[in-house]
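S.K.: whatever this is, show me its structure:
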Amino acid sequence: LNSPDARIVRILCEFLEPGSRFRRNRIHDTIVFFGSARVLPRDEAIADLERLRAEIADKKRPTQDQKNALAQAEVRVQTARYYEDARELAERMTAWSRAIPGGKRRFIVCSGGGPGIMEAANRGASHAGGPSIGLNISLPFEQAPNSYQSQELAFEFHYFFVRKFWFAYLGKALIVFPGGFGTMDEMFEILTLIQTRKTAKTMPVILYGSEYWNEVINFEALVKWGMIKRDDLDLFRVFDDVDSAFGYLTSELTRLYL
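M.R.: Got it, this is the predicted structure:
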């Protein structure tokens, strides 16, 4: 089963088994949260910063490595707001979805199952008393499964492309928090599917955190250089607060699917 010749068998297993488990757990559709694995909860980020400041205060001449670590800890405190906002938004969306009548589980929070923003999303859903999905990926670093995803809905994939299929197939909305290569990869794949009309459904997409996204990606430059149409900027919305994001998501999901 581990041989190159059996690769197609392994791919089929990763493709078929999640569908069976989703049906068994009455999962109808999902709300997908993307974002960095490196974002910390606010209390942890502040504790790390205070510890580093105390260490450096004891040194007459801090090393450059210590200065760099302090600068990174300060950034982690700044980005901790995204962890807290992701947790709150997932909690509110889960409470809203649980109130929808009918026998199916609608708009279930789904993350990549790891730490950071992924953990925040699963944690918020758990706090609201609802289930949540973790589509984990086996990696040599960073991707330890978080403890907040529902155990019966925690998966581990070897193949990125099969994992992406399950993000896209059941997803009815996407919220993208600040992240790195993996987040960009997942976000642009979904945007490409929507842009090229490879999805039959309409999927509201939120980019959360204008300060980050406006600095990291110059979407206006893509229009200027003719690489996308101006209308393509309508494929997503940018929000900076939970109230606005929650209002937009619930309004759009109600209009489109309820």
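
S.K.: identify the bridge partners of residue 134.
M.R.: Bridge pairing for residue 134 (DSSP bridges) gives the partners residue 111, residue 154.

S.K.: so what's the residue count around it?
M.R.: Using other Cβ atoms under 10 Å, the number of residues around residue 134 comes to 25. For glycine as for every other residue, the C-beta is placed from the backbone atoms N, C-alpha and C.

S.K.: next one: residue 228
M.R.: The number of residues near residue 228, taken as other Cβ under 10 Å, comes to 16.

S.K.: residue ranges of the strands in the stretch 101-250 of the chain, please?
M.R.: Ranges of strands in the stretch 101-250 of the chain, per DSSP state E, counting those that start in this stretch, are 108-111, 132-137, 154-157, 171-176, 205-208, 237-239.

S.K.: just those strands: most buried one?
M.R.: Ranked by mean neighbour count, the strands of the stretch 101-250 of the chain are led by strand 108-111 with a mean of 30 (mean count of other Cβ atoms under 10 Å).

S.K.: who touches that one?
M.R.: Residues outside strand 108-111 that contact it (Cβ atoms under 8 Å, 6 or more residues apart in numbering): 27, 29-34, 90, 93-94, 97, 117-119, 121-122, 124-125, 130-135, 149, 153, 167, 170-171.

S.K.: how far away is residue 25 from residue 61?
M.R.: For residue 25, the distance to residue 61 equals 58 Å [Cβ to Cβ, to the nearest Å].

S.K.: what about the two, which has more around it?
M.R.: Remark: of residue 25 and residue 61, residue 25 carries more neighbours, 14 against 6, as counted by other Cβ under 10 Å.
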